[in-house]
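Chemist: here is a sequence with its predicted model. Questions after.
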Amino acid sequence: METPLTQHININRPSLNLKDYVRVGGYQAVHRAITMSPQEITKMVQESDLKGRGGAGFNTGIKWSFVPMNDNAQTKYLVANADEMEPGTFKDRLLLEGNPHQLIEGMIVSAYAIQANISYVFLRWAYKKAARLIRQAINEAYAAGYLGKNILGTGFNLEMHLHTGIGRYMCGEETALLNALEGKRATPRTKPPFPQVSGLFGKPTIVNNVETLCNIPHIVNNGADWFKSLSPGADAGTKLYGVSGKVNKTGLWELPMNTTMRQLIEEHAGGMKNGYKFKGALPGGASTDFLVEEHLDIKMDYKSVAAAGSRLGTGTMIILDDHTCPVGFVHNLEHFFAQESCGWCTPCREGLPWTEKILLSIENGEGRPEDLELLRMHTKFLGPGNTFCALAPGAMEPLQSGLKYFSEDFEKHINEKRCPWR
Amino acid sequence: MLSTEEIMKIDHEIALVPIRKAACIEALKIVQNNRGWISDESIHAIAAHMDMSAEELDSVATFYNLIFRKPVGRNIILLCDSISCYVMGYEKIYEHLQTRLHIKFGETTPDARFTLLPNPCLGTCDHAPALMINDDLYRDLTTDKLDDILKEYK
Ligand SMILES: Cc1cc2nc3c(=O)[nH]c(=O)nc-3n(C[C@H](O)[C@H](O)[C@H](O)COP(=O)(O)O)c2cc1C
Ligand code: SF4
Ligand code: FES
């Protein structure tokens, strides 16, 4: 089984410096890319069926194809979204700390494909080790001629900067991220115009997730068919899957995209801890719908998880066990979303704190029977189409499915006027 | 008033962006790094240097979780209060911090040794519960470990 993304990552050893990275085949994709036209690379990425690993799952090559290519004299930007702040998500940290040159190589090839001359790594504040390693790797890449002016004698120029954020979940939303890079509040922008046409400082911009970009060198080196062959299932490539919660071996694994939830939990995470039972899980971070026992055999690809009523999201699963109160669990999530709402639109700004308060009163044994209807109403009012960005609809996913699968537990809190878990 | 060194660092950032204002977050970071927090006086001084109104800069400063608009202690504890740490018992860690330091979230010890703040997911959920003190990350926390960790910070 091939594991292109993590093959050179060993968390017990320092990450590869440029010389060692080159020795194991690193930066070959840059050499190969410059023998191709930008359009050929975009087409190859599109055919590989690589879908964005930041949560939305959009075909990366198609996304790139919207960048205007007729005026390459104008400034264009490429941004690596390394803001990773979705609770329960810890996958990009591994790629950033484990092999920073892989990301930089992916960014150079991607920037070449859209003919961008300036690139940013937008890194969340908390990733101190990653910041140090990325800064070092960028300097090495400049010194080796992979960044800067006239890269490898091709006439292609690329600057790369590291920007560290100062903490706000909304910085991960791609248009809010652009506002943050412009020194503004991280509120989202109206689309259209899409960032591909008018993004950072009004120039064409591509924002891609770290894991997405790390796949690019491997696709360029080995081809679209090879990438598809990595997964026998509906989706192409490998995926970094994670499991956190009360399992024997929490962690991250790079696996084909036809891995089932059961395989992840039982084989890779070593099963539930002694004395704990599986009650449900958010398959891909805090803003995905709960899946329960009956879903354990679904494959963790975009389509199958969607068919089961949830989203693959970031592919990092959070497990709810039978010793943890589902109401407290959902309250914790809504507390996060209410705090991180940027306040731009009313349903989210007003609705999330209200949701959080209702959940807290239920958890404290002060809930009223009509509160459940009120919560259900919120899942409609804050659902898709009513808000400016995907934060609020995402926040409603674990709430609506929590109300569906754990309604007995919610009712018990209200009837017994206490939390049965406390 | 900004110091000469602060101005030098801020001007370096301004040179990297096409619009002066775009460097204002970097400017806030530079001044906070130097002074520990961002006072009203700092807001006015930075805003003047960035050609912004103080109100506009403050709207940016107050938006972000890690720009401190109040004085903080010498060491800042950021305890993850998000979902995986909730499942793995961050609340016990919080209780322990409260008994040891006699402060709650948002408070600073009277000797200014520690400020305690909640923080969303630190991206290390497979090693929950987790916290950061200044730039250092601590994972797989237990109350015993915590006592040893706190000793390291004066
Ligand atoms: C509130 C919010 C937070 C987000 N945070 C992140 C993030 O931290 N990292 C990320 O890659 N994408 C994040 N996204 C998704 C981005 O908006 C965007 O879809 C993604 O970066 C595109 O990259 P991809 O096509 O490679 O997946 C977030 C979206 C929303 C609505
Ligand atoms: S949905 Fe929430 S986070 Fe998104 S724009 Fe509206 S207020 Fe801001
Ligand atoms: S939830 Fe605490 S580190 Fe992710």
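Modeler: Received it, and whenever you're ready, just let me know what you need. Ligands and ions are numbered 1, 2, ... in the order given.

Chemist: mind listing the helices for chain B?
Modeler: With DSSP state H as the criterion, chain B has helices at B:4-14, B:24-35, B:40-50, B:54-61, B:83-87, B:90-101, B:143-151.

Chemist: is chain A contacted by the fifth one?
Modeler: Yes. If you take CB under 8 Å from any CB of the partner chain as the test, helix B:83-87 does meet chain A, through B:I83, B:S84, B:Y86, B:V87. (Each C-beta comes from the backbone N, C-alpha and C, glycine too.)

Chemist: quick one: low-confidence ranges for chain B?
Modeler: Along chain B, the model assigns pLDDT under 70 to no residue.

Chemist: stretch A:105-117 near chain B at all?
Modeler: No. Using CB under 8 Å from any CB, stretch A:105-117 stays clear of chain B, with a minimum separation of 12.5 Å.

Chemist: how distant is that stretch from the center of its chain?
Modeler: 20 Å (CA atoms, centre = their mean, to the nearest Å).

Chemist: can you tell me the closest non-neighbouring residue to the residue sitting furthest away from the middle of chain B?
Modeler: Distance from the C-alpha centroid of chain B, by CA atoms, centre = their mean, peaks at B:P18 (27.9 Å). Distances taken as CB to CB, 6 or more residues apart in numbering or on different chains put A:F201 closest to B:P18, at 5.4 Å, once the chain neighbours are dropped.

Chemist: make sure I have this right: the one you found is in a strand.
Modeler: No. With DSSP: H, G, I helix; E, B strand; the rest coil as the criterion, A:F201 is assigned helix and is not in a strand.

Chemist: any idea how far it lies from A:C214?
Modeler: 26 Å (CB to CB, to the nearest Å).

Chemist: quick one: which of those two has more around it?
Modeler: A:C214 (27 against 16; other CB atoms under 10 Å in any protein chain shown).

Chemist: against ligand 3, how distant is that one?
Modeler: Distance of A:C214 to ligand 3, given as CB to the nearest ligand atom, to the nearest Å: 21 Å.

Chemist: please report how far the residue at minimal distance from the centre of chain A lies from A:H323.
Modeler: Residue closest to the average C-alpha location in chain A (CA atoms, centre = their mean): A:G54, at 3.0 Å. Counting by CB to CB, the separation of A:G54 from A:H323 is 32 Å.

Chemist: go ahead and confirm the residue nearest to the centre of chain A touches A:N208.
Modeler: Yes. Using CB atoms under 8 Å, A:G54 is in contact with A:N208, at 7.2 Å.

Chemist: joint contacts of those two?
Modeler: Counting by CB atoms under 8 Å, 6 or more residues apart in numbering or on different chains, the shared contacts of A:G54 and A:N208 are A:N81.

Chemist: tally of neighbours for the residue in chain B positioned nearest to ligand 1?
Modeler: Here the residue of chain B nearest ligand 1 is B:G123; by CB to the nearest ligand atom that distance is 9.5 Å. Neighbours of B:G123 under the rule other CB under 10 Å: 28.

Chemist: let me see the contact set for residue 88.
Modeler: All of this is about chain A. A:242, A:244, A:282, A:285-286, A:314, A:316-318, B:82-84, B:121, B:125.

Chemist: oops, chain B please
Modeler: A:S244, A:G245, A:K246, B:A128, B:P129.

Chemist: just those residues now: which is nearest ligand 3?
Modeler: Checking the contacts of B:M88 one by one against ligand 3 (CB to the nearest ligand atom), the nearest turns out to be B:A128, at 4.8 Å.

Chemist: count of neighbours near that closest one?
Modeler: Neighbour number of B:A128 under other CB under 10 Å is 28.

Chemist: list the contacts of it.
Modeler: A:S244, A:T250, B:C80, B:S84, B:C85, B:V87, B:M88, B:Y90, B:R139, B:D140.

Chemist: what about 10 Å?
Modeler: A:88, A:90, A:244-245, A:250, A:318, B:80, B:82-90, B:93, B:121-122, B:139-141 (CB atoms under 10 Å, 6 or more residues apart in numbering or on different chains).

Chemist: work out which residue lies at the spatial centre of chain B.
Modeler: B:L66 (4.2 Å).

Chemist: tell me the spacing between that residue and B:I93.
Modeler: 20 Å.

Chemist: how about the contacts made by B:C121?
Modeler: A:84-90, A:124, A:126, A:169, A:244, A:285-286, A:336, B:80-85, B:128, B:130.

Chemist: just to revisit the earlier point, from the contacts of B:M88, which ones fall inside strands?
Modeler: Secondary structure from DSSP state E places A:S244 of the contacts of B:M88 in strands.

Chemist: who wins on neighbours among the contacts of B:M88?
Modeler: A:S244 (30 neighbours).

Chemist: for the closest residue in space to A:T60 that isn't next to it in sequence, phi and psi?
Modeler: Leaving aside its sequence neighbours, A:T60 sits nearest to A:L50 (CB to CB, 6+ apart; 4.7 Å). A:L50 adopts backbone torsions of phi -60, psi 120, taken as degrees, to the nearest 10.

Chemist: OK, contacts around A:L50?
Modeler: A:44, A:59-61, A:63, A:208, A:211-212, A:215-216, A:218-219, A:224, A:227-228, A:235-237.

Chemist: A:L333 now?
Modeler: Contacts of A:L333 (CB under 10 Å, 6+ apart): A:87-88, A:282, A:286-287, A:318, A:355-356, A:359, A:394-395, A:397-399, A:402, B:82-83, B:86.

Chemist: are any of those residues buried, and if so which?
Modeler: In the contacts of A:L333, burial by neighbour count holds for A:87-88, A:282, A:286-287, A:318, A:355-356, A:359, A:394-395, A:397-399, A:402, B:82-83, B:86, counting by 16 or more other CB atoms under 10 Å in any protein chain shown.

Chemist: tell me the domain boundaries of the chain?
Modeler: Using chain A. A:18-229, A:238-321, A:326-416 (automatic domain parsing).

Chemist: the chain in question should be chain B.
Modeler: B:4-61, B:75-151.
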